[in-house]
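# next input, structure requested:
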Amino acid sequence: MPVGVAFISDTTRQFAQPPPRHASRPIYSSASGITERISPVDLSALLIEQTTGGQNIEPESYVSHQMCACNRCYTVRCGFNETGYLTINVTNVTNVTNVTHVTRGSTIDYRQRGDDISYFYVKVAGRDDLSATIVSDQDRRLNTLPPIRVESSGTPRITLKLIHANKSSAYGLDDPQGKELDCPMCLLSNSTTCHLMVNSKFSNTSSKEQRQLRWIRDPAGAAGNMACAFYENSCYYLASDRLQGSRKFDKLAAECFKSKKFVILGDSHEEMIKKRLSPWPERWQFRFDGKGILHNISPDKNMSAYMARKIPPVFREGDMLRHLSNGFYQSLQDGEHFDGWVFSSGHWDLRDTTLNEYLVRLRQLFEGWIRFRKVNSNVALHWNGVPPYSYKRNVWGGLERRTNVKLALADVEAKRLCAEFNISCIPFFDIALPFYTKSCDTHHYLCPGKVCPVGEAQLDLLVRTICD
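Numbers count the residues shown, from 1 in each chain. So this is what the prediction gives:
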């Protein structure tokens, strides 16, 4: 089979081999009635790769090991360049035998064999920070995801987990759709070692680049009230180059709640904001318009028949698109005079639709909001982001088509649209990805009565952004 190379770095990616072969089996009908197939050019016109303006990102040296998970083995090569960006290359190894001692995690069933294109969750724990991404040995679309960068020299710990063993599963196109795999990658030579240690010689003083939003490891609790007892480390989320204590945040929020008026549109993730902000600001509104792009009405009509595959999915235009086009949001604005609108739509859309269809309609949604802003020039628009999926909710069974590969690529396009249309963006996906399995319930990261640092960090950044 062909072998590709995935580069996780802040540059336009390059591949050593041509695009791989793909599964030829039909998948399922989209909302437009077109049966989708795996295609190497599905998203080429929709996703734009990020660049660094020509800087050299090639690491001075690599660490290279053979690693295995669920009876599959790969060569993994990692290295950091002088500005702290990680390059990780994963290639499939087909001639390794006797790997039954490395069988941790999920069992790969027949649906997860297919085209043998693999997808990995990668987590990097540096001396001072934590970050995560998703990579593939052959799928070039994953190269559009944000790069991983450490902020200080040291020996970061890198872990990989095989999450999908074919492309149709990664894009939620299997029927029935299975869950994400949970296959930690361990060394072939030592199955008890399931991480890589890679030297980084990065120096803050040698780089003029602005430091990125990221999780900061803070075992000593130096951040004071901003620090939280986290799952792996005591840490906090850095929202700017200078730390801001909770007193300043509380004062900012209190003044904002009294002087500004916002409406928040979304699904249950946004609903949790309303439940968490207690008391809820009197002048604010929340609308359950999370089926913003496409709404599958079949489960609403007869959930048991839909789950039994006795009735097909039937789609109508999503709430946000409909309310933007029929003038409902404009009439609401005319009556309430909101200072800003916070909106997000993705989890319910991507549960039922293909990534392609979502991306096309996501642009339509942003264009609708831009037309709305032209009429209401003093109104601020904020995209709240769409978080990853923790796979703790089992309601939809084989009809659950959300995957973190779909959510990651959708997040890239949403950020690009925010930049194109000058809409502020809350990086919910990036905030939650390093700890996406740690949802405080079946799939939320903000839960009333529970401490969930992921959700608190997202809410903190949202309030700072819309109130500043």
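# C-alpha only now, for contacts and for neighbours.
OK.
# now do the SS call for residue 120.
Following DSSP: H, G, I helix; E, B strand; the rest coil, the label given to residue 120 is strand.
# and it, bridged to which residues?
Residue 120 has these beta-bridge partners by DSSP bridges: residue 135, residue 162.
# what about it, neighbour count?
The criterion is other CA atoms under 10 Å. On that basis, residue 120 has 24 neighbouring residues.
# now residue 377
Neighbourhood size, residue 377 [other CA under 10 Å]: 9.
# which SSE is it in?
Using DSSP states H and E, residue 377 is not contained in any helix or strand.
# poorly predicted segments of this protein, please.
1-61, 94-115, 202-214, 216-250, 278 (pLDDT under 70).
# can you rerun that using 50?
The chain contains residues with pLDDT under 50 at 1-56, 101-103, 109-114, 205-211, 221-236, 238-245.
# SS state for the residue nearest to residue 189 when sequence neighbours are not counted?
Nearest non-adjacent residue to residue 189, counting by CA to CA, 6 or more residues apart in numbering: residue 66, 7.8 Å away. With three-state DSSP as the basis, residue 66 sits in strand.
# right, and residue 66 touches residue 75 too?
Yes. Using CA atoms under 8 Å, residue 66 is in contact with residue 75, at 4.4 Å.
# list the contacts of the closest residue to residue 458 other than its chain neighbours.
Once flanking residues are discounted, residue 458 sits nearest to residue 428: 6.1 Å by CA to CA, 6+ apart. Contacts for residue 428 (CA atoms under 8 Å, 6 or more residues apart in numbering) come out as 384, 385, 386, 387, 458.
# biggest separation within these, which pair?
Across the contacts of residue 428, no pair lies farther apart than 386 and 458, at 10.8 Å, counting by CA to CA.
# next SSE after the helix or strand in which residue 430 is found?
Using DSSP H and E, the secondary-structure element containing residue 430 is helix 428-432. Going down the chain from helix 428-432, the next helix or strand is helix 453-467, by DSSP H and E.
# my guess is residue 325 meets residue 368, correct?
Yes. Shown here, residue 325 and residue 368 form a contact pair, counting by CA under 8 Å, at 7.4 Å.
# what do these two both touch?
Counting by CA under 8 Å, 6+ apart, residue 325 and residue 368 have no common neighbour.
# near residue 273, how many other residues are there?
Counted with other CA under 10 Å, residue 273 comes out at 21.
# same check, this time on residue 449
Neighbour tally, residue 449, other CA under 10 Å: 8.
# and it, what is it in contact with?
By CA under 8 Å, 6+ apart, the contact list for residue 449 is empty.
# could you verify my assumption that residue 459 touches residue 273?
Yes. Residue 459 lies in contact with residue 273 (CA under 8 Å); the separation is 7.2 Å.
# overlap of the contact sets of those two?
Contact criterion CA under 8 Å, 6+ apart; residues shared by residue 459 and residue 273: none found.
# over to residue 171: give its phi and psi.
Dihedral angles of residue 171 (phi, psi; degrees, to the nearest 10) stand at phi -100, psi 10.
# look up the closest residue to it, ignoring the ones flanking it.
Excluding its sequence neighbours, the residue lying closest to residue 171 (CA to CA, 6+ apart) is residue 406, at 5.8 Å.
# which strands or helices does the longest helix seen in the chain pack on?
Longest helix of the chain, by residue count under DSSP state H: helix 355-375. Using 3 or more CA pairs under 8 Å, 6 or more residues apart in numbering; DSSP states H and E, the elements in contact with helix 355-375 are helix 319-325, helix 404-421.
# which residues sit against the helix or strand just after the last one?
The helix or strand immediately downstream of helix 404-421 is strand 424-425, counting by DSSP H and E. By CA under 8 Å, 6+ apart, the list of residues contacting strand 424-425 from outside reads 381, 382, 383, 384, 385, 415, 418, 465.
# who are the contact partners of the second one?
Residues near residue 382 by CA under 8 Å, 6+ apart: 340, 341, 342, 343, 423, 424, 425, 426, 466.
# JSON lines for the contacts of strand 424-425, including distance to residue 373?
JSON lines is the format used below for the contacts of strand 424-425 (distance: CA to CA, whole Å):
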{"residue": "381", "distance to residue 373": "8"}
{"residue": "382", "distance to residue 373": "12"}
{"residue": "383", "distance to residue 373": "14"}
{"residue": "384", "distance to residue 373": "17"}
{"residue": "385", "distance to residue 373": "19"}
{"residue": "415", "distance to residue 373": "18"}
{"residue": "418", "distance to residue 373": "14"}
{"residue": "465", "distance to residue 373": "18"}
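# how about the helices in the stretch 201-350 of the chain?
With helices called from DSSP state H, counting those that start in this stretch, the stretch 201-350 of the chain shows them at 246-259, 268-276, 298-301, 303-307, 319-325, 328-336, 347-352.
# which stretch among those helices comes nearest residue 285?
Closest of these to residue 285 is helix 268-276, at 8.7 Å (criterion: CA to CA).
# now do that closest one: distance to the chain's middle.
How far helix 268-276 lies from its chain's middle: 19 Å, per CA atoms, centre = their mean, to the nearest Å.
# name the residues that touch that helix?
Here helix 268-276 has contacts from 264, 280, 286, 288, 290, 444, 445, 446, 447, 448, 459, using CA under 8 Å, 6+ apart.
# mind listing what's buried in it?
For helix 268-276, the neighbour count (16 or more other CA atoms under 10 Å) marks 268, 269, 270, 271, 272, 273, 274, 276 as buried.
# same question for stretch 396-415.
Within stretch 396-415, the residues that count as buried by 16+ other CA under 10 Å are 399-415.
# also stretch 147-167?
Buried positions in stretch 147-167, judged by neighbour count with 16+ other CA under 10 Å: 147-154, 156-167.
# can you list which of these are found in helices?
Among the buried residues of stretch 147-167, the members falling in helices (DSSP H) are residue 167.
# only alpha carbons, please: show stretch 382-390 as PDB.
C-alpha atoms of stretch 382-390 as PDB (Å, rounded to 0.1, in the frame of the first residue of the first chain):
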ATOM      1  CA  HIS A 382     -18.800  36.100  18.100                       C
ATOM      2  CA  TRP A 383     -18.400  32.500  17.000                       C
ATOM      3  CA  ASN A 384     -18.300  30.300  20.200                       C
ATOM      4  CA  GLY A 385     -16.600  27.400  18.600                       C
ATOM      5  CA  VAL A 386     -17.600  23.700  18.600                       C
ATOM      6  CA  PRO A 387     -15.800  21.400  21.000                       C
ATOM      7  CA  PRO A 388     -14.600  17.800  20.400                       C
ATOM      8  CA  TYR A 389     -16.700  14.800  21.200                       C
ATOM      9  CA  SER A 390     -16.000  12.600  24.300                       C
END
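# chain center to it: distance?
Taking mean C-alpha positions (CA atoms, centre = their mean), stretch 382-390 and its chain are 7 Å apart.
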